[in-house]
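> Mind folding the following:
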Amino acid sequence: MATESVLHHLNPPQLEAVTARGGALMVLAGAGSGKTRVLTRRLAHLLQADSLHPSEILAVTFTNKAAREMRERVVDILQLDPITSRSLWIGTFHGMGARILRMHAEKLGYDSQFIILDTSEQERMIKKLLAELHFQHVYWTPKRLAGSISRWKDDGLKPEDLTETHIRFPGDREKVRSIFSHYQDELRRTNSMDFGDLLVNCLVLWSKFPEVLDTFRSRFIHVLVDEYQDTNRVQYEWMKQIASGHGNLCVVGDDDQSIYSWRGARLDNILRFEEDFPNAKIVRLEQNYRSTGNILKAAGQLINNNSGRMEKSLWTEGESGPQLVRFTAEDGMDEARFVAQEIFRECGDGRFGRAAILVRASRQTRTIEEALGREMIPYRVVGGLRFMDRAEIRDAVAYLRLAFSFRDDLAFERIINTPKRKIGPSALAAIQEAAKVGNGPLLEGARRIVAENRLGPAVRAKLADFIQLIDEAHHLLMDEEHPELVLDLLLERSGYKDALETAERAEDKRDNLNELRAYLVQEDNLAGFLERAVLDSDPGDEKGTIEADKVVISTLHSAKGLEFPLVFLVGLEENLMPHKLAIDEGEAGLEEERRLMYVGMTRAKEKLYLSHARRRLMYNRYEPAMPSRFLKELPVETIETRGLRVSVKSGAAFRPGAALRPNRSRFKRY
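Residues are numbered from 1 along each chain as shown. Reported below is the predicted structural model:
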C-alpha cells in the first residue's frame with residue numbers, strides 16, 4: 001500500500017497529527033472526531049514512511065477491545081503477514097506491563113510465570129489476611145481495602161506513604177498499613193501480582209536496574225498513548241520513563257471526556273502536558289463526524305461552563321438535525337413509560353438496537369426495564385456478568401491454574417471442595433497450618449498432611465486423589481499437552497462434570513464450559529490464556545457486542561466509546577445528575593459531572609432526549625426533584641419542551657398531544 005493511501009481521506013488536522021515528527025505531540029481529539037483513525041494511521045505511517053519495524057513502536061490503550069481494534073486496523077492497512085503482526089507491541093497498560101515483567105521477573109524475586117489476581121481474588125486474599133490478623137472493622141471491609149489499595153498503587157504509594165490524607169484516624173492508619181504490607185508479602189509468597197503491581201513493579205524494576213529501562217528506551221523509538229485523559233499517576237510515570245530517551249511521545253485524548261477520577265485518572269496529566277513537554281506540538285481535532293449540529297451546539301455550550309479545560313469547539317458539515325427533546329415527567333414510572341413509547345415509535349421497524357438509555361446510577365434501570373418489558377421491547381444491560389466471571393468458568397480456570405502453578409493458593413482454596421470432597425474447616429485449617437510451618441503453598445501443606453497420615457481414612461483418600469490429579473495435569477502441561485485435553489481430564493476425574501448434572505441451569509453451564517474448551521483449542525500455550533483470562537476481566541474493559549434488535553441500557557460511565565442514533569439521558573435532576581456526592585466535592589466534582597453529561601450527549605448521532613421527573617421514589621417514599629442545573633446551561637433554541645404543564649384553571653398536571661395507545665395511567669401519553 002502506497003503512503004498516499006495511508007494518508008487518504010484525512011482532514012487537514014488529522015493529516016497533521018498523523019505525519020508530525022520530532023518530539024512530543026498531543027492530539028486533542030473531540031468526541032466523534034476520528035481519534036481511532038488518527039491513532040492507527042499514525043502507527044501505520046510510522047511503520048511505512050519511517051521504515052520502522054513493528055517491534056520499535058509501543059502503543060498502549062485502556063481496553064483489550066481498543067487494542068484489538070487498533071491491531072486489526074494496522075494489519076489491514078499495511079497487509080501485514082501473521083509473523084510480522086505478532087511483533088507489534090499494541091496492548092493495554094496492564095498487558096504491556098505484564099509482558100515486560102515476565103521478561104525480567106526474576107530480578108524482583110518473582111517467577112516468570114507469576115499469577116495475576118483479579119479484583120475478586122484480591123478481596124479473597126485480603127479477607128483471609130484480616131482473619132489471620134484478627135482485624136474486624138465496619139468501614140475497612142475486604143472490598144473497601146482492596147479498592148483502596150488499588151487506588152494507592154495507582155498513585156504510586158507504598159504502605160509507609162499513607163498519611164492522614166488517605167486514612168483519617170491514626171489507629172486505623174497503622175493497622176491498614178500493616179494489612180497493606182502483609183498483603184504485599186502474601187502476593188510475593190504466592191508468586192502473584194494484582195493489576196496495580198503490573199505497572200508499579202515496572203517502575204521498581206527500572207529504578208533498581210536502569211539498564212533494563214535503557215533497553216526498552218532503545219527498543220521503542222516511538223510511544224503512542226490512547227485515551228490519555230484517563231491516565232493515572234503511575235501510568236503517566238510509566239509511559240514518561242519509556243519515552244524519556246528520545247522524547248517521541250504521542251498522546252491522544254480529550255480533556256472534556258475525563259470522567260474517571262474515581263478510578264485514579266488525573267485530568268492534570270492532560271492540562272499540564274505542555275509544561276511537562278515544553279516543545280510539544282498540539283493538534284486539535286474539532287470536526288465531528290458523528291452528531292447533528294443541534295446536539296453539538298448544546299453539548300458545546302454545556303462544556304464551555306467548565307474552567308478546567310483546553311479550548312476547542314466541535315463542528316460538523318452535516319445537518320442541524322432535530323431539536324433535543326426535554327421531557328418533564330410526573331415521576332420515575334411516568335418517565336420510563338414515555339421513554340418506552342418513544343422507542344417503540346422511533347424503532348417501529350424492530351431495529352431497537354438503534355436506541356440507548358443512559359443513566360447516572362445503576363439503580364435507575366429497574367423502572368426502565370419494567371417499562372420496556374410491558375411494551376415487549378427487547379433490551380440488554382451493558383455491564384452484565386462477563387463470561388470469565390461465571391462461577392463454572394472460574395472453577396474450571398482455577399483447576400487449570402493450580403495445575404499450572406502449585407503456588408496458586410487462591411485456586412487451591414476455590415476448588416479443594418468443588419465438587420464436595422468432605423474436606424471440612426478442620427481439615428483445611430490443618431492444611432493451612434502445615435503450609436505455614438513449611439513456609440510453602442497450600443498444595444505442599446496438603447502433601448505433608450497426607451504423607452503424615454494426619455486425617456481420617458476417607459478424607460485422606462479424597463485429598464490424595466485430588467493431589468494426584470493435579471500432579472498428573474501438571475505433568476501433561478509441562479509435556480505441552482493441549483490445554484483443552486488437560487481441562488477434560490480435570491473436569492472428568494475431579495467429579496466436577498458429574499456434579500454439574502444436578503446443578504441449577506446445568507445445560508447453560510455445560511454450554512459455557514464447552515465455550516471455554518473451544519477457546520483453549522485455539523491456544524498455543526496455557527500461560528498466555530491464563531494471563532488474558534484475568535486481563536480481559538478488568539472492570540470497565542469490555543462493553544460486549546451491541547445487538548441490532550435490542551435497546552441498550554447503560555450507565556453514563558459505561559457508555560463512553562459507544563454511539564447510537566437515538567439516545568435518552570434520563571434522571572436529569574439535582575442530586576442525581578449532578579450526583580449528590582459530586583456536589584459535595586465542590587467545583588471539581590461539578591465539572592466532572594458536567595463532563596459526564598457531555599459524554600452522554602455526544603453518544604447521540606441523530607436524536608437526543610433529556611428527561612427529568614418532578615418527584616422520584618427514594619427509599620420507599622416519593623421525594624420532590626429539581627431539574628438538573630445543567631439543563632439551564634443548554635441553548636434554548638436547540639430544545640423542544642414536552643411533558644407536564646400546569647393548567648391555569650385547575651392547577652392539574654396535563655400533557656398536550658394525543659395518546660399513542662390506550663393506557664390505564666392517569667397521566668396521558670404524549
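> What is the burial count for the closest residue in space to Arg454 that isn't next to it in sequence?
The shortest distance from Arg454 to any non-neighbouring residue, by C-beta to C-beta, 6 or more residues apart in numbering, is to Ala430 (6.3 Å). C-betas here are computed from N, CA, C, even on glycine. Using other C-beta atoms under 10 Å, the number of residues around Ala430 comes to 19.
> Over stretch 67-84, what's the mean pLDDT, rounded is fine.
Stretch 67-84 shows a mean pLDDT of 89.
> Give me the contact list for that stretch.
Identification of contacts with stretch 67-84 by C-beta atoms under 8 Å, 6 or more residues apart in numbering yields 1, 6, 36, 39-41, 43-44, 47-48, 54, 59, 61, 85, 88, 90-92, 95, 226.
> returning to that earlier point: point out the other helices and strands that the strand or helix carrying the residue nearest to Arg454 packs with.
Element membership for Ala430, per DSSP states H and E: helix 425-437. On a contact count with 3 or more C-beta pairs under 8 Å, 6 or more residues apart in numbering; DSSP states H and E, helix 425-437 meets helix 442-451.
> Val176 against Leu145, yeah?
Yes - with contact defined as C-beta atoms under 8 Å, Val176 counts as touching Leu145 (7.2 Å).
> distance of Lys158 from Tyr110?
Lys158 sits at a distance of 17 Å from Tyr110 (criterion: C-beta to C-beta, to the nearest Å).
> Please say which of those two ends up with more neighbours.
The neighbour comparison of Lys158 against Tyr110 (other C-beta under 10 Å) goes to Tyr110, with 20 against 14.
> Can you pull the phi/psi pair for that one?
Backbone torsions of Tyr110, given as degrees, to the nearest 10, read phi -110, psi 160.
> which other residues reach stretch 153-163?
Stretch 153-163 is contacted from outside by 152, 166, 173, 176-178, 180-181, 184, 194, 196-197, 200, 203, 232-235, 237, 263-264, using C-beta under 8 Å, 6+ apart.
> Pull out the buried positions in that stretch.
Buried residues in stretch 153-163, defined by neighbour count with 16 or more other C-beta atoms under 10 Å: Lys153, Asp154, Gly156, Leu157, Pro159, Leu162.
> Closest one of those to Gly456?
Closest to Gly456 out of these is Pro159 (42.0 Å), distances taken as C-beta to C-beta.
> Give me the pLDDT for that closest one.
In this model, Pro159 is scored at 93, pLDDT.
> how close does it get to Trp140?
According to C-beta to C-beta, Pro159 and Trp140 sit 14 Å apart.
> quick check: longest helix of this protein.
The longest helix of the chain (DSSP state H) is helix 457-478.
> Counting by contacts, list what the helix or strand just after that helix packs against.
Counting by DSSP H and E, the next helix or strand C-terminal to helix 457-478 is helix 483-493. Contacts defined by 3+ C-beta pairs under 8 Å, 6+ apart place helix 483-493 against helix 391-404, helix 457-478, helix 506-521, helix 526-535.
> tell me the contacts of the closest residue to Tyr519 other than its chain neighbours?
Nearest non-adjacent residue to Tyr519, counting by C-beta to C-beta, 6+ apart: Phe529, 7.1 Å away. If you count contacts by C-beta under 8 Å, 6+ apart, Phe529 has them with Pro483, Tyr519, Leu520, Glu523.
> if I read this right, the residue nearest to Arg454 contacts Asn453, doesn't it?
No - Ala430 is beyond contact range of Asn453, at 11.9 Å (criterion: C-beta under 8 Å).
> How much space separates Thr555 from Lys143?
Distance from Thr555 to Lys143, by C-beta to C-beta: 19 Å.
> ugh, wrong one, Asn232
According to C-beta to C-beta, Asn232 stands 20 Å off from Lys143.
> Pick out whichever of these two has more residues nearby.
Applying other C-beta under 10 Å to Asn232 and Lys143 shows that Asn232 carries more neighbours, namely 23 against 14.
> strands paired with the longest strand seen in the chain, and their directions?
Looking across the chain with DSSP state E, the single longest strand is strand 604-613. Its sheet considered, strand 604-613 pairs with strand 324-329 (parallel), strand 564-569 (parallel) by DSSP bridges.
> among the helices and strands packed on helix 483-493, which is nearest Gly22?
Closest to Gly22 of the helices and strands packed on helix 483-493 is helix 526-535 (C-beta to C-beta; 33.9 Å).
> Return the list of strands paired to the helix or strand following that closest one, each annotated with direction.
Next helix or strand after helix 526-535 toward the C-terminus (DSSP H and E): strand 551-555. If you go by DSSP bridges, strand 551-555 pairs up with strand 355-359 (parallel), strand 379-381 (parallel).
> Give the other helices and strands that the helix or strand just after strand 551-555 contacts.
Next helix or strand after strand 551-555 toward the C-terminus (DSSP H and E): helix 556-559. Under the contact definition 3+ C-beta pairs under 8 Å, 6+ apart, helix 556-559 sits against strand 355-359, helix 587-601.
> Can you show me the CA trace of helix 556-559 as CSV?
The C-alpha coordinates for helix 556-559 follow below in CSV (Å, rounded to 0.1, in the frame of the first residue of the first chain):
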residue,chain,number,x,y,z
LEU,A,556,-23.1,7.0,31.6
HIS,A,557,-19.6,5.8,32.6
SER,A,558,-20.0,2.5,30.7
ALA,A,559,-21.4,4.3,27.6
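> Could you work out which of the helices and strands packed on helix 483-493 reaches nearest to Glu633?
Judging these by C-beta to C-beta, what sits closest to Glu633 is helix 526-535, at 39.5 Å.
> Pull out the buried residues from the closest one.
Those would be Leu526, Ala527, Phe529, Leu530, Glu531, Arg532, Ala533, Val534, Leu535, for helix 526-535 by 16+ other C-beta under 10 Å.
> how big is the angle separating that helix from helix 457-478?
Relative orientation of helix 526-535 versus helix 457-478 (axes from the mean of the first three to the mean of the last three C-alpha atoms, to 10 degrees): 110 degrees.
> Low-confidence stretches in the chain?
Counting by pLDDT under 70, the chain has low-confidence residues at 1-4, 383-385, 536-548, 619-620, 644-670.
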